[in-house]
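Novice: Attaching a predicted model along with its sequence, questions to come.
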Amino acid sequence: MRAIDVDPVHGTRRTFRTLCDAMSRPGTVHRTRTAPADYAVVAALVDHEVTFHSSDEELTEALASQGRLEAAPPAEADVVHTKGVPSWDVRDLERGSLVEPSEGATVVYRVDGLAASPEDGQTAVTVTGPGVDGATTFGVGLPEAEVTALADAQSDYPCGVDAVFTSGDAVAALPRSVTFRVANDGERGSEDDGGER
């Protein structure tokens with residue numbers, strides 16, 4: 001994974017811990033020691049037993065060179081990666097079943113900006129549920145329509161997809177266990193002090 005500047009041992013271990021922190025505190029922004037963080041997250045999640053989809057040739061070639069690429073179409077992949085808005089519909093990804101909800105896909109977005117408090121040009125997302133003290137609002141560089149489609153994909157708990165957002169070295173996550181929506185103007189300030197570090 002050095003071809004994409006990811007230390008295959010120490011880097012993936014640190015990134016996995018950061019990802020666990022982001023998943024356990026949904027809607028908070030954390031930092032990896034590796035940028036771009038989407039490559040580090042994919043390197044931490046994908047091995048030869050995990051099916052994967054991305055249109056990023058640099059990333060797929062790096063995985064293939066390590067024998068870690070089991071390519072699949074988006075609707076069949078365990079982990080799906082996209083830079084910005086994907087060409088596929090997030091609602092078509094695998095969402096698991098009531099018997100095996102863990103079979104739902106994980107989608108890793110590289111987005112244009114990620115912040116604990118929404119900034120200009122970002123979509124404000126309000127999150128509630130496990131791991132969130134009341135409600136929190138963060139900003140993500142994705143169009144509102146994509147955030148709404150993702151919320152639709154997560155609307156049948158325990159089925160759904162887990163989402164990871166990355167920008168530079170920043171990471172935030174929305175596991176399928178939470179509820180979220182595009183915030184209205186009155187909610188653009190964070191209701192929680194967030195987890196940015």
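Specialist: Good, I have the coordinates. Numbers count the residues shown, from 1 in each chain.

Novice: Alpha carbons of the longest helix along the chain, in CSV - could you do that?
Specialist: Determined from DSSP state H, the single longest helix within the chain is helix 10-24. Output of helix 10-24 as CSV, limited to C-alpha atoms (Å, rounded to 0.1, in the frame of the first residue of the first chain):
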residue,chain,number,x,y,z
HIS,A,10,1.3,1.1,11.4
GLY,A,11,-0.7,3.4,9.1
THR,A,12,-3.7,1.0,8.7
ARG,A,13,-3.7,0.2,12.5
ARG,A,14,-3.8,3.9,13.4
THR,A,15,-6.5,4.6,10.8
PHE,A,16,-8.6,1.7,12.0
ARG,A,17,-8.6,3.1,15.5
THR,A,18,-9.5,6.6,14.1
LEU,A,19,-12.3,4.9,12.2
CYS,A,20,-13.6,3.2,15.3
ASP,A,21,-13.6,6.6,17.1
ALA,A,22,-15.5,8.2,14.2
MET,A,23,-18.1,5.3,14.1
SER,A,24,-18.6,5.4,17.9
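
Novice: Can you give me the distance of residue 59 to residue 17?
Specialist: Computed as C-beta to C-beta, to the nearest Å, the residue 59 to residue 17 distance reads 21 Å. Glycine gets a C-beta too; all of them are placed from N, C-alpha and C.

Novice: What pLDDT is listed against the spatially closest residue to residue 113 that is not a sequence neighbour?
Specialist: Residue nearest to residue 113 in three dimensions, not counting chain neighbours: residue 141, with 3.6 Å by C-beta to C-beta, 6 or more residues apart in numbering. We note a pLDDT of 97 for residue 141 in this prediction.

Novice: Correct me if wrong: residue 141 contacts residue 112.
Specialist: Yes. When contacts are counted by C-beta atoms under 8 Å, residue 141 is listed as touching residue 112 (3.5 Å).

Novice: what's the overlap in contacts for the two?
Specialist: 121, 167 (C-beta atoms under 8 Å, 6 or more residues apart in numbering).

Novice: Looking at those two, which is more packed in?
Specialist: More neighbours surround residue 141 than the other of residue 141 and residue 112, with 18 against 13 (other C-beta atoms under 10 Å).
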